[in-house]
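Novice: Sequence plus predicted model, see below.
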Amino acid sequence: MTRLLLGGLLTLLSSLGLAATADIPPLGRTWFQPTLQESHAPICTELLQAAREAFVGSRPLLEALEPNGLREVPPREFSQQHANGSQSHFGIYTHPGCGGGCEQYQIVASRQPLAYHPEVTAAQLDQAPQRSSRMPRLFVDESQQPLVLSDDSAPGAPDHSLFLHELDADHNWTLVCQIATAPHRNSPPASAELVTARQAMDELGRAMGGLARGYGSCGSLRSGDRRASGLPEDLWLALYRPWMLYARADRFGDPQQDFQVDSAALEKWALTGLSEFQAVRSYRQALERAQPTLAHFYSKAFHWSPEQSESIAQATLQAAVGNALAFPSSGYDPFPASERALRQAILEGRPIDDIHQVGGPLSDLSIAIEHPQAMQFLLERGADPNQRNPFGKTPLMYSAQHNQLETARLLLAAGADANAMTIWPDDTCSYTLQTSKMTALHYAARYASPELIELLLRSGAAPFIRSISKAYQKGRTGTALEWLKRHSASGAQEPNPHIPPDRVRALAQALQVPTAEQVQQYARQLTLQAEKDYAEGRLVPAYRALLLAREASPTDARILGNLSLVAYKLGDIGPALEAGQQLIDSSQDAKQLANAWFNQGLVCEAAGLVSYNDRYYCRSGSIYAYYQAAELDSTPARQSKLLEQLRAAKQARCQVAYAEEEVDILVQKDYRPSHSGPWIGQTLYALYPSAISLSAEDVSWQLKTRTIKPREAGTLELGEWRLSVLESHDSLSGAPLQVGDDSCVAQR
């Protein structure tokens with residue numbers, strides 16, 4: 001047995017390029033070995049011996065085991081005749097997940113033959129042996145008794161136990177053996193070296209947590225998320241079966257080369273921002289501390305030489321890190337190469353003279369929030385103090401978050417908006433935010449000193465703005481005062497360390513929200529000032545005032561109409577559409593609604609489909625918006641604009657003869673909510689001479705075995721023309737459109 005165990009380690013060390021030595025210990029001298037947890041048959045002893053032999057190999061135990069006395073059979077091709085005359089048929093049930101990246105499997109049994117993809121009940125799955133990320137194996141013993149070997153491996157995580165189940169004639173599965181294949185995390189440590197090594201692994205895991213931010217909903221495979229979630233298991237595996245971790249990575253490429261590629265990408269990513277730079281620095285420090293600690297542990301736990309221990313520790317940690325990082329293998333370049341030297345100099349806090357000498361283009365102020373001289377340098381070179389990241393976070397918010405009073409002063413003096421608010425990002429892959437409408441004042445109440453809070457208030461920060469949250473309704477919502485109370489309270493889970501207890505009362509008084517009447521009066525003042533600024537050509541201050549006025553009075557039609565117009569004039573398409581939609585959703589006045597719809601048409605015509613702040617706009621294009629405007633208030637100008645759009649639209653259309661006239665039908669795929677039922681999927685705009693009337697009953701199309709008849713949404717007189725708008729939940733999907741006795745196929 002010792003020869004077998006040593007053979008596995010010799011093969012492993014040879015694959016690592018390490019010299020094997022005579023003092024490599026047998027398994028009995030390591031700090032962990034597989035153990036029986038449950039044993040109900042003699043076969044369990046044989047299975048345990050096979051597990052211990054496979055433990056020092058480089059393959060997963062479930063794949064490597066060759067139990068004595070058992071013969072493996074293919075589940076889908078095997079059936080068994082029982083003494084009572086019944087039969088057992090076997091199949092493999094696949095549990096889908098992550099678009100095919102997180103599948104798990106179970107062997108199931110049935111009295112009836114099973115299809116390749118068996119349909120089974122929940123009860124059958126509950127009774128069957130454990131699901132596993134690895135394919136379970138079906139065996140028979142000398143008496144043809146079926147037994148299933150499985151483990152409890154999960155996507156991206158190693159197994160902790162092996163299970164052997166047997167099937168009886170009544171199709172009940174019984175556990176025969178259970179073998180622990182990994183030490184329990186809460187078991188008493190085997191040595192002081194293990195305690196130290198585990199602390200180093202835990203520290204590395206925490207440091208790498210800063211590198212795994214923002215995977216979000218990166219497609220159904222969730223590859224980045226799966227890699228990051230498997231890191232704790234990999235670092236635990238590095239302590240009791242390091243050869244397995246290295247070999248697992250080696251099967252998918254060269255771990256050392258992958259580590260080098262990831263490290264190069266990490267160097268670029270570190271220069272993206274201050275928090276990223278700090279995260280990479282913490283990771284590097286943790287990795288540097290972990291490697292010698294792990295090597296020392298290996299020399300004690302496995303009796304490897306210092307040279308072998310050092311090489312295996314390095315390879316193992318590189319494999320663990322490589323498994324967790326999710327950078328693309330090539331082409332990762334988050335910013336121009338010309339910026340790297342300047343970013344590096346600023347993030348490292350180098351003297352301002354060095355930064356002047358480096359030079360180069362750079363407009364990202366967020367990296368300079370801890371370097372006031374660099375901040376001043378960038379501002380003097382024309383950097384925008386109100387630049388925003390993809391979720392609307394400004395340099396002033398970063399300064400508040402990092403409690404940087406001096407850079408906050410510089411930004412405010414340069415014109416930073418004290419009331420800018422965060423939004424929901426479009427990129428939910430890179431950003432997994434659950435809170436929006438955060439202002440610099442919110443960040444300051446959570447993270448900064450009384451002096452920074454007071455500076456923001458003196459600079460016009462409004463205490464009535466409320467943050468909102470999708471997930472943390474109690475912990476992430478409310479005004480800056482509510483944030484202050486949460487994070488300065490006695491026993492707060494996340495206290496603000498920069499606010500002394502004796503300053504809390506005065507700060508709370510300063511952050512008091514005005515009364516509702518005072519807020520409304522403030523909104524009126526802001527609106528009047530914005531209109532004055534707009535009339536005199538000062539669009540930016542008008543825009544800021546209207547954004548703040550909307551927070552004070554969210555449904556005020558005058559504010560929303562002005563805001564939509566000014567945002568459009570400034571080219572801020574998303575905010576323009578958002579304000580216009582808020583007016584449409586809240587107003588009952590036909591003229592106001594007509595104006596809002598017409599403005600939406602202008603923006604949609606220029607921009608097309610737009611995603612902004614967790615909502616899509618212009619789903620139905622500009623024609624639908626112009627139609628709504630003309631229907632609400634049919635002025636000649638609106639009629640003319642609608643006719644122009646109907647005739648110029650580059651969309652699928654066709655012509656039919658109806659009531660001895662030609663009908664021009666524009667076919668538009670749609671995706672907008674209806675007043676009841678499913679969303680509208682198809683809109684038809686039928687334009688024809690006003691001398692006739694088109695009945696919706698005469699319009700239809702055929703989809704397989706169903707005849708689709710659209711609903712008439714409205715009819716609009718356009719001078720000598722008439723427009724009928726027909727809606728359907730079902731799309732035309734290229735089918736011929738039947739109109740009366742004629743038909744046509746819509747083409748571009």
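Specialist: Now that the structure is in, tell me what you want to look at.
Novice: ok, how many other residues are close to residue 682?
Specialist: If you count neighbours by other C-beta atoms under 10 Å, residue 682 ends up with 20. Yep, even glycine has a C-beta here, placed from its N, CA and C like the rest.
Novice: should've said residue 238
Specialist: Residue 238 has 26 neighbouring residues, counting by other C-beta under 10 Å.
Novice: how about it, what does it touch?
Specialist: Shown here is residue 238, whose contacts under the criterion C-beta atoms under 8 Å, 6 or more residues apart in numbering are 201, 245, 294, 316-317, 320.
Novice: Now, those that are in strands?
Specialist: The strands, defined by DSSP state E, take in nothing from the contacts of residue 238.
Novice: now the residues you listed in TSV, with distance to residue 502 and neighbour count?
Specialist: Conversion of the contacts of residue 238 to TSV gives the following (distance: C-beta to C-beta, whole Å; neighbours: other C-beta atoms under 10 Å):
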residue	distance to residue 502	neighbour count
201	42	25
245	52	25
294	47	28
316	51	29
317	47	25
320	47	30
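Novice: Switch those over to TSV; also include distance to residue 558.
Specialist: Shown next, in TSV, are the contacts of residue 238 (distance: C-beta to C-beta, whole Å):
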residue	distance to residue 558
201	61
245	64
294	67
316	66
317	62
320	60
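Novice: At which residues are the helices of the stretch 551-700 of the chain located?
Specialist: Listed in chain order, the helices of the stretch 551-700 of the chain (DSSP state H, counting those that start in this stretch) span 557-570, 573-586, 590-607, 621-632, 636-648.
Novice: And the stretch 101-250 of the chain, by the same measure?
Specialist: 122-127, 192-209, 223-229, 231-240, 242-250.
Novice: any low-confidence regions in this protein?
Specialist: Low-confidence segments of the chain, defined by pLDDT under 70: 1-29, 99-101, 212-228, 246-253, 255, 326-330, 472-475, 676.
Novice: how does it divide into domains?
Specialist: Residue ranges of the domains in the chain are recorded as 33-180, 192-324, 388-510, 516-638, 650-744, according to automatic domain parsing.
Novice: What is the end-to-end distance of the last one?
Specialist: Think domain 650-744. Its first and final residues considered, domain 650-744 spans 17 Å by C-alpha to C-alpha, to the nearest Å.
Novice: chain center to that domain: distance?
Specialist: Centroid separation for domain 650-744 versus its chain: 40 Å, with C-alpha atoms, centre = their mean, to the nearest Å.
Novice: is it true that residue 641 touches residue 602?
Specialist: No: with the criterion set as C-beta atoms under 8 Å, residue 641 and residue 602 do not qualify as a contacting pair; they are 9.0 Å apart.
Novice: Residue 286: neighbour count?
Specialist: With neighbours defined by other C-beta under 10 Å, the count for residue 286 comes to 19.
Novice: what separates the residue of the chain positioned farthest from its centre from residue 739, distance-wise?
Specialist: Note on the chain: the largest separation between a C-alpha and the mean C-alpha position, by C-alpha atoms, centre = their mean, falls on residue 660 (56.6 Å). Using C-beta to C-beta, to the nearest Å, one obtains 13 Å as the distance from residue 660 to residue 739.
Novice: Likewise for residue 542?
Specialist: Separation of residue 542 from residue 739 (C-beta to C-beta): 49 Å.
Novice: And residue 565, by the same measure?
Specialist: When distance is defined by C-beta to C-beta, residue 565 is 40 Å away from residue 739.
Novice: Neighbour count: those two, which is higher?
Specialist: Neighbours were counted for residue 565 and for residue 739 using other C-beta under 10 Å; residue 739 has more, 23 against 19.
Novice: now that one, which residues is it bridged with?
Specialist: Under DSSP bridges, the beta-bridge partners of residue 739 are residue 699, residue 742.
Novice: Does it touch residue 663 like I think?
Specialist: Yes: proximity of residue 739 to residue 663 meets the contact threshold set by C-beta under 8 Å, at 6.4 Å.
Novice: hmm, back to that, want to throw the domains of the chain into a markdown table with distance to residue 332?
Specialist: What follows is the domains of the chain, written out as a markdown table (distance: least, C-beta to C-beta, whole Å):
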| stretch | distance to residue 332 |
| --- | --- |
| domain 33-180 | 21 |
| domain 192-324 | 5 |
| domain 388-510 | 13 |
| domain 516-638 | 24 |
| domain 650-744 | 34 |
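Novice: Go through the ones you listed and name the closest to residue 336.
Specialist: domain 192-324 (11.0 Å; C-beta to C-beta).
Novice: Sheet-wise, list the partners of the one helix or strand residue 36 maps to with their directions.
Specialist: Using DSSP states H and E, residue 36 sits in strand 35-39. Sheet neighbours of strand 35-39, with direction, are listed as strand 173-180 (antiparallel) (DSSP bridges).
Novice: Could you list the buried residues of the strand it pairs with?
Specialist: 173, 176-180 (16 or more other C-beta atoms under 10 Å).
Novice: Format these as CSV; extra columns: distance to residue 606.
Specialist: Shown next, in CSV, are the buried residues of strand 173-180 (distance: C-beta to C-beta, whole Å):
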residue, distance to residue 606
173, 64
176, 70
177, 70
178, 66
179, 67
180, 65
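Novice: Which pair of those spans the longest distance?
Specialist: Longest distance between any two of the buried residues of strand 173-180 is 20.3 Å, between 173 and 180; criterion C-beta to C-beta.
Novice: quick one, longest strand in the protein?
Specialist: Longest strand in the chain by number of residues (criterion: DSSP E): strand 661-672.
Novice: what does that one contact?
Specialist: Counting by C-beta under 8 Å, 6+ apart, strand 661-672 makes contact with 619-621, 623-624, 646, 649, 651-657, 679-689, 691-692, 694, 727, 731-732, 737, 739, 744, 746, all of which sit outside it.
Novice: Only whichever of the residues you listed are buried, select them in ChimeraX.
Specialist: Typed into ChimeraX, the next command selects the buried ones out of those (criterion: 16+ other C-beta under 10 Å):
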select :619,620,621,623,624,646,649,652,653,654,656,680,681,682,683,684,685,686,687,688,694,727,731,732,737,739,744,746
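Novice: Now go through the contacts of strand 661-672 and say which are in strands.
Specialist: Using DSSP E, these in strands are 653-657, 680-689, 727, 737, 739, 744.
Novice: in stretch 406-413, what's buried?
Specialist: Within stretch 406-413, the residues that qualify as buried by neighbour count (16+ other C-beta under 10 Å) are 406-412.
Novice: Would you mind giving those as a markdown table with secondary structure and distance to residue 118 added?
Specialist: Formatted as a markdown table, the buried residues of stretch 406-413 follow (DSSP: H, G, I helix; E, B strand; the rest coil; distance: C-beta to C-beta, whole Å):
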| residue | secondary structure | distance to residue 118 |
| --- | --- | --- |
| 406 | helix | 67 |
| 407 | helix | 63 |
| 408 | helix | 63 |
| 409 | helix | 69 |
| 410 | helix | 67 |
| 411 | helix | 63 |
| 412 | helix | 67 |
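Novice: With distance to residue 151 as new columns, can the residues you listed be given to me in CSV?
Specialist: Putting the buried residues of stretch 406-413 into CSV (distance: C-beta to C-beta, whole Å) gives the following:
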residue, distance to residue 151
406, 57
407, 54
408, 55
409, 60
410, 59
411, 56
412, 60
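Novice: just to revisit the earlier point, residues shared between the contacts of residue 739 and residue 663?
Specialist: Common neighbours of residue 739 and residue 663 (C-beta under 8 Å, 6+ apart) are 656, 686, 694.
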